[in-house]
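Peer 1: What follows is a predicted structure for the sequence shown.
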Number of protein chains: 4
Amino acid sequence: MNKEERIIESAIEVFLEKGIEKATVSEIVKKAEIAQGTFYLYFDSKLSVMPKIAEVMVEKILEELSQNVDGESIEEEIKSVIDTIFNITKEYKSLTTLIYSGLTQTQYVGDWEKIYAPLYDFIEQLLIPRKNNGEIRETVNTAFISKILIGSIESLAEQMYLYDEASEENVIEYKEELFTFILKGLK
Amino acid sequence: MNKEERIIESAIEVFLEKGIEKATVSEIVKKAEIAQGTFYLYFDSKLSVMPKIAEVMVEKILEELSQNVDGESIEEEIKSVIDTIFNITKEYKSLTTLIYSGLTQTQYVGDWEKIYAPLYDFIEQLLIPRKNNGEIRETVNTAFISKILIGSIESLAEQMYLYDEASEENVIEYKEELFTFILKGLK
Amino acid sequence: MNKEERIIESAIEVFLEKGIEKATVSEIVKKAEIAQGTFYLYFDSKLSVMPKIAEVMVEKILEELSQNVDGESIEEEIKSVIDTIFNITKEYKSLTTLIYSGLTQTQYVGDWEKIYAPLYDFIEQLLIPRKNNGEIRETVNTAFISKILIGSIESLAEQMYLYDEASEENVIEYKEELFTFILKGLK
Amino acid sequence: MNKEERIIESAIEVFLEKGIEKATVSEIVKKAEIAQGTFYLYFDSKLSVMPKIAEVMVEKILEELSQNVDGESIEEEIKSVIDTIFNITKEYKSLTTLIYSGLTQTQYVGDWEKIYAPLYDFIEQLLIPRKNNGEIRETVNTAFISKILIGSIESLAEQMYLYDEASEENVIEYKEELFTFILKGLK
DNA sequence: GATGAATGAGGCTTCATTCAT
DNA sequence: CATGAATGAAGCCTCATTCAT
């Protein structure tokens, strides 16, 4: 792993452990086993790592989605998307929120859309054939709905894992409710 | 306005302007026109203002919702809820995200659920009669769906106003798509 | 002595000991026996102490001049001025050069003229009566000559004490040559 | 231009732009278009370039003086010397002060005298024949006076160009006053 | 000789927090 | 209760210097 990648990996860990506020460059470099000054050869500041983290995060989500989502019906696909996003949220806990809020606090806010685009695109590419074969209603605007879908799944997953510290049973029930809701919303 | 309220108001402004990271107690007290030390008579630290900010925020949302949402049909009510949450998000931009992430970074994470409860409850109280009179499907779990609704509306609104810097036209289209989606999801 | 004065005094000592380059705020505050942060309540940076140091320096020179220079003739006065400036240069060695160069390196260059003004004025006030009573030539522009006098005395003194590390005998000879030169220049 | 010369030239530029304090080796090498490490093949440290800069500076002054100063009378010569030193000071602004103070801050202080010697010598060689032919008074100690002359001209020039930011008119008047003063001082 | 990525010491500066008034 | 000058810990960041290539 080269220096830049090591910084990004360490930054993710430290941000998750400490939160943006309490995360320090010193700790990131310690974890990455590089010198303090080396950090500044690659990044301007702690927050400027955020867009790169976001990219890595999106890559991971996409990877997972690609592996898991290839159902025979829209039902199976939606189920897989929900499961995947819930699992990743569980694994990376507050990372998404951190990225959101990290980007918000910098000049990189605008980058967000660009970084997330492939994710929205992936979902849209799932929906289009389903719309064409009539599995979902014709009036669906696939581009718009893909944002709505991801948003609603992510926000519920964060609710569950970050704030409610919900039991796994509870999560299952919520996921089912969400599944039904989305499916009806699309049909 | 008493000192505590002045601190909360100033804190909101400063957090919005600078983000959590760069917000300082010095600036909060300057804006509140009180002395450095006075801050610590009311709050333990910068982040401990967060739960109070969240309460204020939720109060404002509730107030707005109470004023605007009293439609004759579920359609009108959903429309009003969407409009209200979009408007508040537009006005307070990243505040919700800040609160999320601010709470995440402290021991107050657990408080979130408690603070947001009245909001979920408000939505649930809207849904229950509609479910009883058959306007929405019987299988809806009102408690669960209220979280899903708020989450999906908020997340789309944030997308629009924080990241995409979407045009007002675009926002209208998205809101319509969301409206249809939610409505079908509930029926 | 209040904090600001203590900072200035310490800064002078440290600058003299270490030079501008190697002087550190840390050492200044250590010498002043105040906290690191306190420094920044009074000054923006190490170099921003320079104008204040310059003021103190000019005050000291003026004080010395006032005490020593009150001769019966222009000859005695010039002699005293030379002696005084030489003595102060000897005592404070490179301080003047430091101030020059310190000011040059900051936005405070313009302040120099203002700070030195009383010194030029003092000399001019010496010259005016001597010009009126014919001790010095009528064509002397007192304002201009006062700058020239101070400059030439200071620069020779610095030569002697800073660079040549001249013997006291040598200094005496130079002072006499300078005295004769100035006197003839004025007559 | 070989690497060493390129370093010296760049160092001069950077010192003039940033001052000793803020000048960095990084910037010097960037301007010289050589690698970081190459600097240390030629110089020990940032300040160790100073004596070389001083030499270059003195060479330039001597060159200018040689070209311009060859008047028929002491009057013309003094005028040329004043003009030349003023012009160089105008062009290189604070460079002399920087060199002074740069040398002061290092072990190279002693070098100054040695480096400046040719300059004093040049002036002395001007004065000797004038003393012999009676144009200037016999009591003049040419070695001493040459230091005094250069010092007083330089210090006034610095006053004008560095601190007062004097208008060109004003400069002319000062130069005339200085000229008269020096001439009378020598006669 | 020349390079430039990497180092890490250490100065700068901020800022939460205290406490005498 | 309120103040705000003072504190000093601690993070940021630079930059002279090294060294493997």
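Peer 2: All right, it came through fine. Residues are numbered from 1 along each chain as shown, chains lettered A, B, ... in the order given.
Peer 1: So which residues of chain A form helices?
Peer 2: Taking DSSP state H to define them, one finds helices in chain A at A:3-22, A:25-32, A:36-42, A:50-68, A:74-92, A:95-104, A:111-132, A:142-158, A:168-186.
Peer 1: any chance of those helices in a markdown table, with mean neighbour count and distance to C:L178 too?
Peer 2: Backbone N, C-alpha and C define where each C-beta goes, glycine included. A markdown table is the format used below for the helices of chain A (neighbours: other Cβ atoms under 10 Å in any protein chain shown; distance: least, Cβ to Cβ, whole Å):
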| stretch | mean neighbour count | distance to C:L178 |
| --- | --- | --- |
| helix A:3-22 | 18 | 63 |
| helix A:25-32 | 18 | 58 |
| helix A:36-42 | 14 | 52 |
| helix A:50-68 | 18 | 66 |
| helix A:74-92 | 18 | 79 |
| helix A:95-104 | 24 | 67 |
| helix A:111-132 | 17 | 68 |
| helix A:142-158 | 22 | 82 |
| helix A:168-186 | 18 | 92 |
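Peer 1: can you list the residues of chain A near chain C?
Peer 2: Within chain A, no position is near chain C by Cβ under 8 Å from any Cβ of the partner chain.
Peer 1: Mind splitting chain A into its structural domains?
Peer 2: A:3-43, A:49-186 (automatic domain parsing).
Peer 1: Tell me who's in contact with the nearest residue to A:E154 once chain neighbours are set aside.
Peer 2: Spatial nearest neighbour of A:E154, excluding adjacent residues (Cβ to Cβ, 6 or more residues apart in numbering or on different chains): A:I85 at 6.0 Å. Listed by Cβ atoms under 8 Å, 6 or more residues apart in numbering or on different chains, the contact set of A:I85 reads A:I61, A:I150, A:I153, A:E154, A:A157.
Peer 1: wait, the fourth one sits on A:T96?
Peer 2: Yes - with contacts defined as Cβ atoms under 8 Å, A:E154 counts as touching A:T96 at a distance of 6.4 Å.
Peer 1: and for those two, which residues touch both?
Peer 2: By Cβ under 8 Å, 6+ apart, the residues touching both A:E154 and A:T96 are A:T89.
Peer 1: In chain A, what residue lies closest to DNA strand E?
Peer 2: Distances between chain A and DNA strand E by Cβ to the nearest atom of the strand are smallest at A:G37, namely 1.6 Å.
Peer 1: DNA strand F versus that residue, what's the distance?
Peer 2: To DNA strand F, A:G37 is 3 Å away according to Cβ to the nearest atom of the strand, to the nearest Å.
Peer 1: Dump the domains of chain A into a markdown table; add mean pLDDT and distance to C:R130 as well.
Peer 2: Converted to a markdown table, the domains of chain A look like this (pLDDT from 0 to 100; distance: least, Cβ to Cβ, whole Å):
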| stretch | mean pLDDT | distance to C:R130 |
| --- | --- | --- |
| domain A:3-43 | 94 | 63 |
| domain A:49-186 | 91 | 66 |
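Peer 1: now those domains in JSON lines, with distance to B:V25?
Peer 2: JSON lines is the format used below for the domains of chain A (distance: least, Cβ to Cβ, whole Å):
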{"stretch": "domain A:3-43", "distance to B:V25": "13"}
{"stretch": "domain A:49-186", "distance to B:V25": "17"}
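Peer 1: between those domains, which gets nearest to B:P51?
Peer 2: Comparison of the domains of chain A against B:P51 by Cβ to Cβ identifies domain A:49-186 as nearest, at 12.5 Å.
Peer 1: which ones are touching A:K90?
Peer 2: For A:K90, the contact set (Cβ under 8 Å, 6+ apart) comprises A:A157, A:Y161.
Peer 1: ok, the closest residue to A:Y163 other than its chain neighbours - contacts?
Peer 2: Closest residue to A:Y163 apart from its sequence neighbours, by Cβ to Cβ, 6+ apart: B:W112 at 4.4 Å. Going by Cβ under 8 Å, 6+ apart, B:W112 touches A:Y163, B:A54, B:Y100, B:L103.
Peer 1: And the residues you listed, which is closest to B:N132?
Peer 2: A:Y163 (29.4 Å).
Peer 1: how about stretch A:47-62 against DNA strand E, any contact?
Peer 2: No - judged by Cβ under 7 Å from any atom of the strand, stretch A:47-62 stays clear of DNA strand E, getting no closer than 13.0 Å.
Peer 1: same check, this time on stretch A:15-34
Peer 2: Yes - applying Cβ under 7 Å from any atom of the strand, one finds stretch A:15-34 touching DNA strand E at A:I34.
Peer 1: Need the CA coordinates for that stretch. CSV is fine.
Peer 2: The C-alpha trace of stretch A:15-34 is given here as CSV (Å, rounded to 0.1, in the frame of the first residue of the first chain):
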residue,chain,number,x,y,z
PHE,A,15,-12.5,9.3,12.3
LEU,A,16,-14.7,6.3,13.2
GLU,A,17,-13.0,6.0,16.6
LYS,A,18,-12.9,9.6,17.6
GLY,A,19,-15.2,11.6,15.3
ILE,A,20,-14.1,14.5,13.2
GLU,A,21,-13.7,16.9,16.1
LYS,A,22,-11.4,14.8,18.1
ALA,A,23,-9.5,13.1,15.3
THR,A,24,-6.0,14.5,14.9
VAL,A,25,-3.5,14.4,12.2
SER,A,26,-1.0,13.1,14.7
GLU,A,27,-3.1,10.1,15.4
ILE,A,28,-3.7,9.4,11.7
VAL,A,29,0.0,9.4,10.9
LYS,A,30,0.8,7.3,13.9
LYS,A,31,-1.6,4.7,12.7
ALA,A,32,-0.4,5.0,9.1
GLU,A,33,3.2,4.7,10.4
ILE,A,34,4.4,7.6,8.5
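Peer 1: Can you name the residues in contact with that stretch?
Peer 2: For stretch A:15-34, using Cβ under 8 Å, 6+ apart, the contacting residues are A:3, A:6-7, A:9-11, A:13-14, A:35-36, A:38-39, A:45-47, A:49, A:53, A:92-95, A:98, A:101-102, A:105, B:20-21, B:47, B:101, B:104-106.
Peer 1: for stretch A:121-138, same thing?
Peer 2: A:62, A:65-66, A:69, A:73-74, A:77, A:81, A:140, A:142-143, A:145-146, A:149-150, A:186-187, B:184.
Peer 1: what residues are up against A:L62?
Peer 2: Contacts of A:L62 by Cβ under 8 Å, 6+ apart are A:P118, A:L119, A:F122.
Peer 1: My guess is A:M1 contacts A:S10. True?
Peer 2: No - the criterion here is Cβ under 8 Å, and A:M1 misses it with A:S10 at 10.5 Å.
Peer 1: about what we covered before: which single one of the contacts of A:I85 is nearest to chain C?
Peer 2: Using Cβ to the nearest Cβ, A:E154 comes nearest to chain C of the contacts of A:I85, at 42.8 Å.
Peer 1: for DNA strand E, what are the nearby residues on chain A?
Peer 2: A:K3, A:I34, A:A35, A:Q36, A:G37, A:T38, A:Y40, A:L41.
Peer 1: Between the two ends of stretch A:155-165, how far is it?
Peer 2: Start-to-end span of stretch A:155-165 (Cα to Cα, to the nearest Å) is 14 Å.
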